[in-house]
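Chemist: Here is my input, please return the structure:
(2 chains)
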Amino acid sequence: MCLSEPLALRLERVSKAFGGLRAVDGVELAVRPGERRALIGPNGAGKTTLFNLVAGALPVTTGRIELFGRDVTRMPSHRRAALGLTRTFQVSNLFPSLTVLDNCLLAVQAPTTAKFAMHRPLARDLALRARAEDTLAAVGLADRATAIVRNLSHGEQRQLEIGLALAGRPRVLLLDEPTAGLSPAESAAMARLLGRLDPAITVLIIEHDMDIALELARHVTVLHYGRVIADGTRDAVRADPTVREIYLGA
Amino acid sequence: MNRAILLGIGALVAAAAVAPALPSYPLTLLTQVAIMAVLAMSLDILLGYTGLPSLGHAAYFGAAAYAVGILATERQAGFLTCLVAGVLLATVTAALFGLIAIRATGTYFLMITLALGMVVWGLAFRWVSLTKGDNGIAGVPRPELPLPWSLSAPLPFFYFALVATALAWAALGTLARSPFGLTLKGIRESETRMRALGYDVWLHKYLAFVISGAFAGFAGVLWAWYNGFVSPVDVQLVTSVETLLMVALGGPGTLAGPALGAAMIVFLKNFVSVYTKRWLLILGAVYIGVILWAPRGVLGALRSQR
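Modeler: Alright, predicted model coming up:
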């Protein structure tokens, strides 16, 4: 591991307690820039909670989170996003009554100062619009730009979910079950889309479909009852007897 | 969107065309509609675009009306002083109240804005040395403008109010279609996603709150000149509720809809109250009907039928 370069993401003994329940319990995580890391574990293992802590949607109970060497533990989520940390949601979290293009424009203009412009119509900002259209093309929604998001199919909403995360040009991308509820064919298309992501982006992915998770990521972290029980290459994790027992079910 | 704009321009032109032929009473009502339309559109920025149901909008409207009332009667202030002071006082009030209210969402936001509105009402009612309390401030003169017509006559004042309304509508319409306007709709649809995208949701809501207050203040300035009388009635809860109903009836998030809602409420209130004192009962029935059959307001219903 190259030590001169700061880690993209580093978690030190991060815990989150909901009352008596320790949903995330002393998690250590170190993710290098450009790495693809899969986060797996049975239902209730604390994977989504961990994402919420990293993204800043929930405050940590104890521990420390660093993004590119910078302490972001107490930083609100919008400022972490401004540093290049973006997430997707397990249940699509879009702007349902707006058009696909407007959804994408909201993501594209988020890191710019254009978002505070009040005196000119958005429709005249051709640069923003071009970037939004590029993003839509990248996730295969170019011909759906004028559709209202509420009327999209579930598969299209999942594609847009990824599109919104990519539109802001993230450096660290947290993908929370991108294939949730997709048909096998849609899942395969999603896997191809994820395989084409810019290699410079650091990707952390929660995925129940093992084939997709292990195809994308060489390095796997296994969570169980909020604790990291295995962390290593996919072959090592596959061979780990504890993991086989509690998760892979073999 | 374009249909609402055409409808609005059509209404403005029609009102301007028929005004000279109207007797003074309907003309007075039309002037009221124009002013209340500004108030309703200002609330629409909060309720319809940002999804924040404020139940204290009369506070900014009333604060501006009082500023004009006091300055015009005690200091003989002119057009520009009254306009700037009124809008400024409303803006500052909204900037202060926003700090308290924006932390809350949904029903809690509603309750906090209601409480803050009551504070202003309490001041208007009790700070007798400044506001003359329950008696109100009478004899507020209309401003002198370098125009060939005096604004003290009903027809010139109606045109004055109509132009002011058109300007407010154009400004708020530009805001709604701007990049900032889109962020407000985004907040209405999903705050959590907006945060994940990197938006400081609090700041955008706060700006919307202050802008909305400023335009409510603009309506308040017009109202003080129109009515010539400012009293606690202008800042009371009923005024806030009526404004909320104008937006809900007309169609939140359309600007032209709340203006239409303002026309409906003003005419209903004035015509029905000739026949019965229970006009609020009829207003309630109309409101329930709209919620049942056109939950997105009259304009929302028209649009979805297309």
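
Chemist: Buried residues of the helix or strand hosting B:Cys82, list them for me.
Modeler: Using DSSP states H and E, B:Cys82 maps to helix B:79-101. Of all the residues in helix B:79-101, those buried under the rule 16 or more other Cβ atoms under 10 Å in any protein chain shown are B:79, B:81-83, B:85-87, B:89-94, B:97-98, B:101. Placement of C-beta: from N, CA and C, glycine included.

Chemist: Backbone dihedrals for A:Ala8, both of them.
Modeler: Reported as degrees, to the nearest 10, the phi and psi values for A:Ala8 are phi -70, psi -40.

Chemist: Compute the distance between it and A:Arg234, please.
Modeler: Per Cβ to Cβ, to the nearest Å, A:Ala8 is found 19 Å from A:Arg234.

Chemist: and those two? which has more neighbours close in?
Modeler: A direct count of neighbours by other Cβ atoms under 10 Å in any protein chain shown for A:Ala8 and A:Arg234 places A:Ala8 higher, at 24 against 17.

Chemist: and the more buried one, what does it touch?
Modeler: A:31-35, A:67-68, A:171-172, A:202 (Cβ atoms under 8 Å, 6 or more residues apart in numbering or on different chains).

Chemist: Distance check, it against chain B.
Modeler: In this view, A:Ala8 and chain B are 17 Å apart by Cβ to the nearest Cβ, to the nearest Å.

Chemist: now that residue, nearest residue through space, not along the chain?
Modeler: Counting by Cβ to Cβ, 6 or more residues apart in numbering or on different chains, A:Thr202 is the residue found nearest to A:Ala8 once chain neighbours are left out, at 4.0 Å.

Chemist: so what's that neighbour bridging to?
Modeler: Applying DSSP bridges to A:Thr202 gives these bridge partners: A:Val172.

Chemist: Tell me who's in contact with it.
Modeler: With contact taken as Cβ under 8 Å, 6+ apart, A:Thr202 is in contact with A:8-9, A:31-35, A:37, A:171-173.

Chemist: can I assume B:Pro217 is in contact with B:Ala59?
Modeler: To be clear, residue B:217 is Gly; Pro isn't right here. No. Counting by Cβ atoms under 8 Å, B:Ala59 is not a contact partner of B:Gly217; they are 9.8 Å apart.

Chemist: more crowded one of these two?
Modeler: Remark: of B:Gly217 and B:Ala59, B:Gly217 carries more neighbours, 33 against 30, as counted by other Cβ under 10 Å.

Chemist: which residues sit in contact with that one?
Modeler: By Cβ under 8 Å, 6+ apart, the contact set of B:Gly217 is B:60-61, B:63-64, B:86-91, B:93-94.

Chemist: Between those, which sits nearest chain A?
Modeler: Closest to chain A out of the contacts of B:Gly217 is B:Thr91 (14.7 Å), distances taken as Cβ to the nearest Cβ.

Chemist: Get me the contact residues on the stretch 201-306 of chain B for chain A.
Modeler: Counting by Cβ under 8 Å from any Cβ of the partner chain, the stretch 201-306 of chain B comes close to chain A at B:201, B:207, B:211.

Chemist: Find residues that contact each of B:Gly217 and B:Ala59.
Modeler: B:Thr93.

Chemist: before we move on, what SS does A:Ala180 have?
Modeler: Following DSSP: H, G, I helix; E, B strand; the rest coil, we place A:Ala180 in the coil state.

Chemist: Near the residue nearest to it when sequence neighbours are not counted, how many other residues are there?
Modeler: Closest residue to A:Ala180 apart from its sequence neighbours, by Cβ to Cβ, 6+ apart: A:Gln90 at 5.7 Å. Other residues lying near A:Gln90 total 16 when counted by other Cβ under 10 Å.

Chemist: helix, strand or coil for A:Gln90?
Modeler: A:Gln90 ends up coil, using three-state DSSP.
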